[in-house]
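Colleague: Sequence first, predicted coordinates after that:
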Amino acid sequence: MKKIGILGSTGSVGSQALEIINEYPEKFELVFISGHTNFQKLLEQKEKYNPKHICISDDSHYNNLKENIISDSNISGGYNGLLELCNMDVDIVLNSIMGYKGLYLSIQLIENKIDLALSNKESIVQAGSILTELAKKNNVNIFPVDSEHSALWQCIIGEKIKSIDKLILTGSGGPFRTYKREDLYRIKKEQALKHPNWSMGNKITIDSATMMNKGFEVIEAHWLFNISYDKIDIVVHPESIIHSMVKFIDGSIKAQLSDPTMRIPIQYALSYPERFINNNLQFDFTKNNKFSFEEVDYDKFRCIKLAYEAGRSGGTYPVVLNVANDLLVDLFLIDKIKFLDIEKVIEESLNNHSSISNPTIDDIKETVECVETYIKNYKFN
C-alpha cells in the first residue's frame, strides 16, 4: 500500500486525486492534504477522506480551520506547515500547488527521498537542472502529471532515448484558436476562462488561452526526458484526444489517446508501475472519429516563442518567464491589466534581465524577488 500526500488538494488536480485514492482503499493510504485559502473545502475533504494531517498554507485561515475540526487530526498552517508535511513518512507526494512557490516544496520532497508526482510545472520550468540532478542524486522519481508529459512518458517507456527523433506536444489551441491576432486586443477575462475542452483552475485556463502552458510544457519536456529543444515540437489538435506523440528515428510514431480528462495521468502517476482498472472511462472510437491537426501560429501566440527562447537561453531566463507570467495572470484575473499585457510585459521582463548561468537555489530566489519588484513597479497603460 502506498502512503500518499497531496499538496494543493482543494484545486482541480488535487480534488481528482482524492477521488482516485478513495476508489482504491486497498492500494493507497492518504497521509496528508493541504489547501491555501479554501478552508471550507479542506474541511469537507477532511470529513470525506479522513487524512491524518491537514495544512492550510494561508495563516489567516488557520483559526477558521482549527475551530471547525473536532478530532485527533493534526492541523498546521503557513509555509512552515507545508514544510512539515514534506518531512512526513510517505511514499509519494502529489505537488499540485499552483505557481512558482511550489518549487521549494518539490526540492524539500526530493531531498527527503520522496517520489514526486509533479503537477506544479513551475518547479521544473524554473529549476529543471537542479531538480533533475537532485532527483538523480537521491534516487528519487519525478512522475509527470500533466496529460501531455504523461502521454510522452507512456510512449517512451521501453524505448531508448537515442531512438527518439521528436517529442510532439499536442494542444487544443485554447479558446482563441480561430481568432485573429487583432481580436486578442479586446479579450475579456470571461472569454479567456472558457476553455473548449478542459475544466481547470483559473490560472492554468488563462495559460491555455495565451498558450503559455505549451511553452512551459516544452521546457518541462526538455528536462524530464533529457531532449534538446530542437527535438520538441507543438501541434494544435482541437479535439484533445491525442495527448502527445513520440516520433522515432525509423519513422514510427507512438501516440497516447484518451478522453480529455486528468483522471488518467493522475492515476498513472500515483499507481506506477501498475495500472489500475478504471471502468468509468470507456473510449469509443466511433463517437470520437475526428482527429485534426493545425500548425501553431507563433505570431498570434507569442508566449510560446518567448518560452522557447527562454528555455534555449537557459540560466535564470526561465525563472523570469515563469514568475512574470504568474504575476501577470494574477493581475489579469483581477482586471488590472489587458490580455495582451501578459505577453508584452513578460518579453520586457526577459529583455531587462541579466541572466545567471548555472543558477543555485539562492540565485533563483534572488531572481524571483527581482521579477516581483519589476512587475510591482511596472507602469501599465
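Modeller: Received, thanks. Predicted model, so just to flag it, every value in this text is computed and none were measured. Numbers count the residues shown, from 1 in each chain.

Colleague: Show me the beta-bridge partners of the closest residue to residue 214 other than its chain neighbours.
Modeller: The shortest distance from residue 214 to any non-neighbouring residue, by CB to CB, 6 or more residues apart in numbering, is to residue 171 (4.8 Å). C-beta coordinates here come from the backbone N, C-alpha and C atoms, glycine included. Beta-bridge partners recorded for residue 171 (DSSP bridges): residue 236.

Colleague: Check whether residue 171 really touches residue 238, as I assumed.
Modeller: No: with contact defined as CB atoms under 8 Å, residue 171 does not count as touching residue 238 (9.1 Å).

Colleague: thinking again about what came up before, check contacts around the residue nearest to residue 214.
Modeller: Taking CB atoms under 8 Å, 6 or more residues apart in numbering, we find residue 171 in contact with 148, 208, 211, 213-214, 234-237, 296.

Colleague: now residue 297
Modeller: By CB under 8 Å, 6+ apart, the neighbours of residue 297 are residue 181.

Colleague: do that again at 10 Å, thanks
Modeller: Shown in contact with residue 297 (CB atoms under 10 Å, 6 or more residues apart in numbering): 173, 177, 179-181, 211, 236, 304.

Colleague: got it, and residue 327?
Modeller: Taking CB under 10 Å, 6+ apart, we find residue 327 in contact with 99-100, 342, 345-346, 349, 371-372, 374-376, 378.

Colleague: Try it again at 7 Å.
Modeller: Applying CB atoms under 7 Å, 6 or more residues apart in numbering to residue 327 gives the contacts 372, 375.

Colleague: Could you do residue 11 as well?
Modeller: Going by CB under 7 Å, 6+ apart, the list of residues near residue 11 reads 96, 98, 201.

Colleague: So for these, which is the shakiest by pLDDT?
Modeller: Checked by pLDDT, the contacts of residue 11 have residue 201 as the lowest-scoring entry (78).

Colleague: neighbours around that one, how many?
Modeller: Residue 201 has 16 neighbouring residues, counting by other CB atoms under 10 Å.

Colleague: What's the separation between the residue nearest to residue 214 and residue 148?
Modeller: Note on residue 171: its distance to residue 148, by CB to CB, to the nearest Å, is 8 Å.

Colleague: shared neighbours, those two?
Modeller: By CB under 7 Å, 6+ apart, no residue touches both residue 171 and residue 148.

Colleague: Show me the strands in this structure, by range?
Modeller: Here the chain has its strands, by DSSP state E, at 2-7, 28-35, 53-56, 74-77, 92-95, 115-118, 142-144, 164-171, 232-236, 242-248, 253-257.

Colleague: Now render these as CSV, adding distance to residue 68.
Modeller: Formatted as CSV, those follow (distance: least, CB to CB, whole Å):
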stretch, distance to residue 68
strand 2-7, 20
strand 28-35, 13
strand 53-56, 11
strand 74-77, 10
strand 92-95, 24
strand 115-118, 29
strand 142-144, 34
strand 164-171, 41
strand 232-236, 45
strand 242-248, 39
strand 253-257, 42
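
Colleague: closest one to residue 329 among those strands?
Modeller: Of all the strands of the chain, strand 164-171 sits nearest to residue 329, with 17.3 Å by CB to CB.

Colleague: Enumerate every residue touching residue 106.
Modeller: Applying CB under 7 Å, 6+ apart to residue 106 gives the contacts 95, 116, 118, 120, 123, 131.

Colleague: Out of those, who's the most crowded?
Modeller: residue 123 (29 neighbours).

Colleague: Not counting its neighbours along the chain, what's nearest that one?
Modeller: Using CB to CB, 6+ apart, the closest residue to residue 123 is residue 106 (4.1 Å).

Colleague: roughly how far apart are that neighbour and residue 82?
Modeller: Distance from residue 106 to residue 82, by CB to CB: 11 Å.

Colleague: And the contacts of residue 106, which is closest to residue 139?
Modeller: residue 116 (12.4 Å).
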